[in-house]
Structures are given as C-alpha cells and as structure tokens.
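Engineer: following is a predicted model, sequence given first.
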Amino acid sequence: MSKTYIVNCPVLDLAGNPTGEFFEREFTQEEFEERKKKLPERKRCLKCKYEFPLGDYGRDKRQTDGLNRYCKPCHRGNCTKARAARHKPCVYQLFFTDGCTYIGSTIQNFHDRLSVHRAKIRKKIHTNKLFNQYESEDISGRIIMYVQDEQELRMNEYVLIKHYKELYGSKCLNAYFTTGILNENKRQKTEETCNVEEN
C-alpha cells in the first residue's frame with residue numbers, strides 16, 4: 001500500500017493570488033514526489049519561522065548556503081529598526097591625541113558623523129580651522145547622551161559646551177555655542193572691532 005501525505009494547500013482567488021486561507025489535500029507518494037519536484041527549493045526564516053523559496057532571501061557570503069538567515073521582509077524590518085535606533089539625536093564628544101576635546105550634536109548616526117569629521121580633516125577642509133592641524137587618525141569620540149527631539153538636542157549641547165569650556169579651557173575646540181552665540185572671548189573681540197570701526 002502506497003504512503004499518503006496530507007498537505008495544507010493555499011486557497012487562491014480568481015486572479016490566482018493566495019487569499020491567506022488553506023485547505024487540506026491528500027496526495028499519494030507518487031503525486032507528492034512529483035509535486036515536490038515542481039516546487040522551488042525552500043528555506044525556513046529564523047524570525048517568522050515560515051518557509052519561503054530561496055529567491056525570497058538576500059545573499060550573504062558569510063552563510064554556508066550563501067543566503068541570508070532571514071527572508072527579505074524580515075531582514076528589511078530588522079534593518080529599519082536598527083537604522084531608527086542608530087539615528088537617535090545625540091550629543092557627542094570628540095577626543096584628540098594632544099588632549100583637546102570638542103562637543104557636537106547630530107541627528108544622524110554618530111559613527112557616520114565621526115567619519116565626516118575624519119574625511120574633512122584628511123582633506124584639510126574642516127569648517128572648524130583648528131581641526132585641520134590634526135590627522136584623521138588623531139580623532140576618536142563617544143556619545144555623551146541621546147535626546148528626544150532637536151530642540152532638546154540644542155539645549156543639551158549648549159549646556160555641555162559651556163561646561164566643557166569651563167572644564168578644559170582652551171583645550172575645548174568649540175568656537176561657538178550651539179545657539180550661534182559667540183563665546184565670551186570672541187564676543188569681546190567682535191565688540192572691540194565694532195567700536196574701533198565706529199570711531
């Protein structure tokens with residue numbers, strides 16, 4: 001007596017698209033083997049636990065089969081969540097090999113922002129001219145805090161720049177506060193220059 005198989009087959013609409021419902025169908029061993037040959041090779045997604053054809057997986061050279069462990073929708077969801085987590089607004093601190101420091105803020109990924117600083121230093125085109133005396137390898141950094149929105153970001157950056165300028169003095173390379181206000185020395189020089197021009 002030949003072996004039989006019970007398979008959950010998808011219910012299709014008039015256009016041939018799956019409706020999301022299934023019905024049980026009985027196959028003989030010969031019919032089952034024939035059906036298996038016609039079906040594309042499948043792989044189970046580690047996240048949603050469903051099996052999909054290999055075409056529904058992206059490439060990943062690190063895996064033994066050369067395919068991603070997650071199906072494309074799950075992988076896309078993972079990337080979106082990771083990207084959202086990385087793009088939280090943050091205030092960061094940069095360190096230089098001679099002991100100087102710099103406080104900045106970004107609404108992008110901190111590591112991307114650090115790469116931009118290094119690229120500008122390498123080309124000697126950084127807007128903060130003090131940075132151009134260093135090499136790109138002389139700079140490292142860390143995130144001080146994550147914040148919720150841009151207004152809170154600017155306020156925290158302002159407070160931290162003020163604190164670090166008092167703490168490090170001339171070793172803090174911030175020329176301006178985040179609100180666009182010059183620091184005390186710059187403001188005094190600007191006022192003196194204006195008075196001279198008026199006289």
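Structural biologist: Everything's here; your move.
Engineer: so how far is the lengthiest strand in the chain from its chain's centroid?
Structural biologist: The longest strand of the chain (DSSP state E) is strand 18-28. For strand 18-28, the gap between its own C-alpha mean and the chain's C-alpha mean amounts to 42 Å (C-alpha atoms, centre = their mean, to the nearest Å).
Engineer: and the next element down the chain from it?
Structural biologist: Next helix or strand after strand 18-28 toward the C-terminus (DSSP states H and E): helix 29-38.
Engineer: doesn't K43 belong to a helix?
Structural biologist: No: remark: K43 does not belong to a helix; assigned using DSSP: H, G, I helix; E, B strand; the rest coil, it is strand.
Engineer: isn't it up against D60?
Structural biologist: No: using C-beta atoms under 8 Å, K43 makes no contact with D60, being 11.9 Å away. For glycine as for every other residue, the C-beta is placed from the backbone atoms N, C-alpha and C.
Engineer: what is the neighbour count of L167?
Structural biologist: A count of neighbours around L167, defined by other C-beta atoms under 10 Å, yields 10.
Engineer: got the buried residues for stretch 153-162?
Structural biologist: In terms of neighbour count (16 or more other C-beta atoms under 10 Å), stretch 153-162 has its buried residues at L153, R154, N156, E157, Y158, L160, I161, K162.
Engineer: now it: how far from the chain's centre is it?
Structural biologist: The gap between where stretch 153-162 is centred and where its chain is centred comes out at 23 Å by C-alpha atoms, centre = their mean.
Engineer: nearest to S140, of the buried residues of stretch 153-162?
Structural biologist: Proximity of the buried residues of stretch 153-162 to S140 was ranked by C-beta to C-beta; the top entry is L160 with 17.7 Å.
Engineer: look up how far L153 lies from that closest one.
Structural biologist: As judged by C-beta to C-beta, to the nearest Å, L160 and L153 stand 11 Å apart.
Engineer: so what sits against both of the two?
Structural biologist: Common neighbours of L160 and L153, using C-beta atoms under 8 Å, 6 or more residues apart in numbering, are V91.
Engineer: mind listing what V11 touches?
Structural biologist: P18, T19, G20, E21, F22, F23.
Engineer: no, scratch that, I was asking about R35
Structural biologist: Contacts here follow C-beta under 8 Å, 6+ apart; on that basis R35 touches V7, F27.
Engineer: how near is it to Y70?
Structural biologist: Remark: distance between R35 and Y70 (C-beta to C-beta) = 27 Å.
Engineer: and for F95, the neighbour number?
Structural biologist: The local packing of F95 (other C-beta under 10 Å) involves 14 other residues.
Engineer: tell me the SS of it?
Structural biologist: Taking three-state DSSP, the label given to F95 is strand.
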